[in-house]
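J.: Make a model of this:
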Amino acid sequence: MCGITGLLHFNDTCPDVLSGMNAALAHRGPDAGGSWVEGPVGLGHRRLSIIDLSDAGRQPMHSADGRYVMVYNGELYNYRELRAELTDYPFSTQTDSEVLLAAYARWGANCLDRLKGMFGLAIWDRQAQSLFVARDRLGIKPVYYAADANKLVFASEVRALLASGLVPGRLDETALADYLRYQTVHAPDTLLVGVRLLPPGCYLRVSAAGQREEVTYWRPRPADLSFDGAPAWQEAVRAALTAAVERRLVADVPFGAFLSGGIDSSAIVALMRQVMPGLLKTFSVTFAEEAFSEARYARQIARKFDTEHHEIKLSPGDFLKLLPEALSAMDHPSGDGPNTYVVSQATKAAGISMALSGLGGDELFGGYSIFRQAGVLERWGGLPRPLRALGASAMARLRKDIAGAKMATLLRLPRLDALTAYPLYRQVLLDAQIGLLLPGFALPPNWVAQLAQSLAQQPDFQQLPLLSRISVLEMQTYMANVLLRDTDQMSMAHALEVRVPFLDHELVELALAAPDAVKYPHSPKQLLVASLGELLPPEIVNRPKMGFTLPFEQWMKAELRDFCQERLEQLGQRAPFDPKALRRLWTGFLAGQPGISWSRLWTLVVLANWLDQNRIT
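T.: Next up, the predicted model:
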């Protein structure tokens, strides 16, 4: 796992910017660094050694014939199988990097169809004078880039683009609206004018003359298979998840797992124990606030599977000390992330360089409330619109919280079904609230709503089971642009590699093919739970879902109060924000006003901190 940088200057020589860009990514790769420049192109790399720890794995890496030069951030889990196919290539290392380079030399862009792993990569073809940049199918590893008439510059993080001096740090106000709605900005956009995030499952090919082509090589789609009855589906899921876990245990460094005590992380730990003997280390965050602590469940799983369990006890004082570091590690702002920063720090301090996570289980197997509500929404869509309007008016009178406001908005929609409801389900600040914060600002179309409408027109998407359609929306919005982005930037701040077995693309395609009646017949994640059989105790399976969150509401009203208030005041000094509206929102939150949750304020606090830290104008 590493950090990559690069620049292609069209029809001119590459300027000397790589050293500064690489320095901005030193935290991602403390083991080595390197750069290579030839004519119009320059490639840079920071290395975190996971497979083949020798100097042979240093990058930029050249192909055996010298034609291709590559920088690569990621892990290729099936590199041994691919190496066995590439018998005519004169390998000189034991790295997955060299296998990837050999695969590209043999198959070109088609090699992406053969890769099982996570990656962001760039390969310069010295003969064709063209640059190939690609990102893995699910978007686990990021590649940001900026292009104009003269150049294309790319990197694993936004801060490296800014460090080049070639990318102006200017706020994109259209993207700002997306951030306020969803606590993130959806790829390909970012908060900065001219900076893009290569979408998951895409590659970019750029010539030395500046001709650019972006291609989607993979979309979430169901596997072309079917099984007779629930037991057969359960057996297939168990086998696919076990294989995904086993693939991700290939490493030449100590590794462990994040363990919250929920179904997903517990399933990963259980399967790790099944396929590997010996010492297994697990890590979880605990709190004095019992309502947020999952410690007893994590301990139960740790005892059952004989792990060396580490608890990171987090008090408000501890968190306050860590908060500036966590926010500084935030390369692109998000309403989430500090929790991953804390557990990653403790995991790395314990001598672990790679950890497995249960991220993705909720999205694939129906762990969120939207999956339960989808069928109800489909039925409500059949009600006459005047009747729904009456229900909306009653809801607005009876419930003053955010859930009531969202439900009233839903009932007033011209059309009501799960896909039209989804954009509102994930929205943090409603448009009316944003309008108060940004007076006179014309809100752009809702990005998530546009995605849902676009997908609804695609025949392949229409044929998916209802819950799989929700899964696709979750994967392309919240998962890819919040959870995965936060996991990458917060874990790599400590040079910790995080692997996500639930996002093995073969498991994803299998889960998308599963019928609703098998996936969620009566309770959340029923297909996943049933596939594990007796592996997990009933206390873990049947306990209420908590989620891996910090007790922010209490802290923001006490220990973090001054910190938050100062940043909101800073934000109020920036156009297009209204300082009075920000002050009213903050006062309402402190007073416990319904409809103003901590997450809506924290999103603004993080934004203010990021804008100031990166000197964004």
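J.: OK, contacts around Tyr520?
T.: Residues near Tyr520 by C-beta atoms under 8 Å, 6 or more residues apart in numbering: Gly366, Phe371, Arg372, Leu467, Gln526, Leu527. No exception for glycine: its C-beta is placed from N, CA and C like everyone else's.
J.: For the closest residue to it other than its chain neighbours, give me its contacts.
T.: Nearest residue to Tyr520, sequence neighbours excluded (C-beta to C-beta, 6 or more residues apart in numbering): Gly366, at 4.5 Å. The contact partners of Gly366, taken as C-beta under 8 Å, 6+ apart, are Arg372, Leu467, Ile470, Ser471, Lys519, Tyr520, Pro524, Lys525, Gln526, Leu527.
J.: what helix or strand is the fourth one on?
T.: Which is Ser471. Using DSSP states H and E, Ser471 sits in helix 466-474.
J.: Can you list the buried residues in that helix?
T.: Leu466, Leu467, Ser468, Arg469, Ile470, Ser471, Val472, Leu473, Glu474 (16 or more other C-beta atoms under 10 Å).
J.: which ones are touching Pro576?
T.: So Pro576 contacts Glu173, Leu438, Pro439, Gly440, Phe441 (C-beta under 8 Å, 6+ apart).
J.: any weak-confidence spans in the stretch 351-500 of the chain?
T.: 381-383, 385, 388-389, 391-393, 395-401, 403-404, 408 (pLDDT under 70).
J.: At which residues are the helices of it located?
T.: 361-365, 369-380, 385-398, 402-411, 418-425, 431-437, 447-456, 459-462, 466-474, 484-492 (DSSP state H, counting those that start in this stretch).
J.: hmm, back to that, is it possible to get a markdown table of the contacts of Tyr520 that adds distance to His494?
T.: Shown next, in a markdown table, are the contacts of Tyr520 (distance: C-beta to C-beta, whole Å):
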| residue | distance to His494 |
| --- | --- |
| Gly366 | 32 |
| Phe371 | 33 |
| Arg372 | 36 |
| Leu467 | 36 |
| Gln526 | 36 |
| Leu527 | 34 |
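J.: Could you work out the most separated pair of those?
T.: Greatest spatial distance among the contacts of Tyr520 (C-beta to C-beta): Arg372 and Leu527, at 14.3 Å.
J.: farthest residue from the center of this structure?
T.: The centre of the chain is farthest from one residue, Pro386, which by C-alpha atoms, centre = their mean lies 40.3 Å away.
J.: picking up where we left off before, list just the one of the helices of the stretch 351-500 of the chain that sits closest to Asp252.
T.: helix 484-492 (18.5 Å).
J.: Can you tell me what sits against the closest one?
T.: 1, 3, 27-28, 48, 138-142, 157, 184, 326, 329-332, 334, 336-338, 340-341, 344, 355, 357, 359, 497-498, 500.
J.: Can you give the distance from that helix to the centre of its chain?
T.: Counting by C-alpha atoms, centre = their mean, to the nearest Å, helix 484-492 is centred 7 Å from the centre of its parent chain.
J.: try stretch 32-45
T.: 28 Å.
J.: about what we covered before: including distance to Tyr72, could the helices of the stretch 351-500 of the chain go into TSV?
T.: Compiled in TSV, those are given as follows (distance: least, C-beta to C-beta, whole Å):
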stretch	distance to Tyr72
helix 361-365	26
helix 369-380	36
helix 385-398	52
helix 402-411	43
helix 418-425	35
helix 431-437	40
helix 447-456	29
helix 459-462	31
helix 466-474	28
helix 484-492	15
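J.: Determine which stretch of these is the most buried.
T.: Most buried of the helices of the stretch 351-500 of the chain by mean neighbour count (mean count of other C-beta atoms under 10 Å) is helix 361-365; its value is a mean of 26.
J.: elements contacting that one?
T.: Where contact means 3 or more C-beta pairs under 8 Å, 6 or more residues apart in numbering; DSSP states H and E, helix 361-365 is packed against helix 263-275, helix 466-474, helix 505-513, helix 526-532.
J.: Nearest to Leu101, out of those?
T.: Going by C-beta to C-beta, the one of the helices and strands packed on helix 361-365 nearest Leu101 is helix 505-513, 21.3 Å.
J.: tell me which residues in that closest one are buried?
T.: Here helix 505-513 shows His505, Leu507, Val508, Glu509, Leu510, Ala511, Leu512, Ala513 as buried, counting by 16+ other C-beta under 10 Å.
J.: which non-adjacent residue is nearest the second one?
T.: When you say that, I think you mean Leu507. Closest to Leu507 by C-beta to C-beta, 6+ apart is Ala240, at 4.5 Å.
J.: if we can go back for a sec, among the contacts of Pro576, which pair sits farthest apart?
T.: Within the contacts of Pro576, Glu173 and Pro439 form the most distant pair, 13.5 Å apart (C-beta to C-beta).
J.: So which of those two has more stuff around it?
T.: Legend: neighbour count by other C-beta atoms under 10 Å for Glu173 and Pro439, higher for Glu173 (15 against 11).
J.: how close does the closest residue to the more buried one other than its chain neighbours sit to Arg170?
T.: Spatial nearest neighbour of Glu173, excluding adjacent residues (C-beta to C-beta, 6+ apart): Pro576 at 6.8 Å. Going from Pro576 to Arg170 by C-beta to C-beta, to the nearest Å gives 14 Å.
J.: Kindly report the same for Gly588.
T.: Distance of Gly588 to Arg170, given as C-beta to C-beta: 31 Å.
J.: what's the answer for Pro30, then?
T.: 31 Å.
J.: Stretch 217-224: which residues count as buried?
T.: Trp218, Pro220, Arg221, Pro222, Ala223.
J.: That one: end-to-end distance?
T.: End-to-end distance of stretch 217-224 (C-alpha to C-alpha, to the nearest Å): 18 Å.
J.: again, but for stretch 202-221
T.: 15 Å.
J.: tell me how far that stretch is from the chain's mean position?
T.: Distance of stretch 202-221 from its chain centroid, counting by C-alpha atoms, centre = their mean, is 21 Å.
J.: got the buried residues for it?
T.: Cys202, Tyr203, Leu204, Arg205, Val206, Ala208, Gly210, Trp218, Pro220, Arg221.
J.: Wait, a helix at the fourth one?
T.: No. Assessed by DSSP: H, G, I helix; E, B strand; the rest coil, Arg205 does not belong to a helix; its assignment is strand.
J.: That one - nearest residue in space that isn't next to it in sequence?
T.: Using C-beta to C-beta, 6+ apart, the closest residue to Arg205 is Glu213 (4.9 Å).
J.: What of the second one?
T.: Excluding its sequence neighbours, the residue lying closest to Tyr203 (C-beta to C-beta, 6+ apart) is Ala134, at 3.8 Å.
J.: if we can go back for a sec, make TSV from the buried residues of stretch 217-224 and add secondary structure to it.
T.: Shown next, in TSV, are the buried residues of stretch 217-224 (three-state DSSP):
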residue	secondary structure
Trp218	coil
Pro220	coil
Arg221	coil
Pro222	coil
Ala223	coil
